[in-house]
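> Fold the following for me, if possible:
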Amino acid sequence: MVENSKILDIKVKPHLNEPSSVIVGSFFNGLQVPETTDFQIYRHKKRSNELVLHGENDKLEYNGSTAKDDQNYCVGIYDPSTKSLELLNAALIPSKITSKSRRHLKRPAIKSADVLRVQQRAMLGQEFGTKKVKKALASMERNRIDSSKLQGEEFEIIENLKETTKSLPTKEAMQKEMDENRVIPVFNVEATSVDDIYPLSNIVPKKIFENTYLRN
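Residues are numbered from 1 along each chain as shown. Reported below is the predicted structural model:
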């Protein structure tokens, strides 16, 4: 015997023609994200439907980008008080989780924040960059030095750099040399008046000036 089923009338309010107002992150086998995790969403300037997700906490990183398929996704929000269901256009972002401890190498933390920033910019460039930008990133990746091969040699490289750069002139010395070899007259840095910035003696040699007749 079939039990009587209850039919419920629901008002459906579709908003599928509107831009994505909901983002769904898809992670393998699901997950429980710690409350301390900070997530950021980056949207392409011209193609508003292309998004990049980045999040991180003390132990994990979460990265993903919008799904490259022809499917449309939506999220339904049911209101029991009005018995209505709103369908919102949603962007699906397949994402992956990376453990920070696995990629940390035993080496001095030299500009680690800058390195992370460069990696994030490279990821954005690969997703949203022009052909020229992607070509440049591909070239950088081909020429990238494998940091794992440099373990144990880092301090030697740094010391060699210090030794090599010892003979380089300082910024002040370079500026002084440039000032001395300027093609324009030497200026008076202590001048307090516009007329005193370039003394006449620095513009016209003394011998020439003595043999020059000036008329009003």
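> What ranges does the chain have for its helices?
All helices of the chain, identified by DSSP state H, fall at 100-103, 112-128, 131-142, 154-165, 171-180, 200-203, 206-210.
> nearest to Val186, of these?
Shortest distance between Val186 and the helices of the chain, using C-beta to C-beta, is found for helix 200-203: 5.0 Å. Just so you know, the C-beta spots here come from the backbone N, C-alpha and C atoms, and that holds for glycine as well.
> so how far is the closest one off the chain centroid?
On the basis of C-alpha atoms, centre = their mean, to the nearest Å, helix 200-203 is displaced by 51 Å from the centre of the chain it belongs to.
> Quick one: mean pLDDT over it.
Average pLDDT, helix 200-203: 78.
> Next: stretch 119-130.
For stretch 119-130, the per-residue pLDDT averages 73.
> In it, which residues are buried?
Ala122, Met123, Leu124, Phe128, Gly129 (16 or more other C-beta atoms under 10 Å).
> Tell me the one of the residues you listed nearest Glu35?
Distance to Glu35, by C-beta to C-beta, is smallest for Met123 among the buried residues of stretch 119-130, at 24.9 Å.
> so where's this structure uncertain?
Scanning the chain for pLDDT under 70 picks out 1-5, 16-21, 28-30, 102-116, 142-157, 159, 182-183, 214-216.
> What residues sit buried inside the strand ranked longest in it?
In the chain, with assignment by DSSP state E, the single longest strand is strand 84-99. Within strand 84-99, the residues that count as buried by 16+ other C-beta under 10 Å are Leu88, Asn89, Ala90, Ala91, Leu92, Ile93, Pro94, Ser95.
> just to revisit the earlier point, adding distance to Arg47, write the helices of the chain out as CSV.
Shown next, in CSV, are the helices of the chain (distance: least, C-beta to C-beta, whole Å):
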stretch, distance to Arg47
helix 100-103, 30
helix 112-128, 8
helix 131-142, 15
helix 154-165, 41
helix 171-180, 44
helix 200-203, 59
helix 206-210, 67
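> Quick one: closest of those helices to Pro34.
Proximity to Pro34 (C-beta to C-beta) singles out helix 100-103 among the helices of the chain, at 13.0 Å.
> and this structure, what are its domains?
Here the domain parsing of the chain from automatic domain parsing is 11-100+112-135, 171-210.
> Those: which one's closest to Lys162?
Nearest to Lys162, of all the domains of the chain, is domain 171-210, at 17.3 Å by C-beta to C-beta.
> before we move on, back to that, buried deepest among the domains of the chain, which one?
Greatest average neighbour count among the domains of the chain goes to domain 11-100+112-135 (a mean of 13), per mean count of other C-beta atoms under 10 Å.
> still on that earlier bit, and the longest strand of the chain, what other elements does it pack with?
Packed against strand 84-99 by the contact rule (3 or more C-beta pairs under 8 Å, 6 or more residues apart in numbering; DSSP states H and E) you find strand 11-15, strand 22-26, strand 51-56, strand 60-65, strand 73-79.
> Provide the strand pairings for the longest one, with the direction of each partner.
Strand 73-79 sits in its sheet next to strand 84-99 (antiparallel), going by DSSP bridges.
> The second one now?
Looking at strand 22-26 with DSSP bridges, its partner strands are strand 84-99 (parallel).
> tilt between the strand it pairs with and strand 60-65?
120 degrees (axes from the mean of the first three to the mean of the last three C-alpha atoms, to 10 degrees).
> what angle separates strand 84-99 from strand 11-15?
Going by the same axes, to 10 degrees, strand 84-99 makes 50 degrees with strand 11-15.
> Done for today, thanks.
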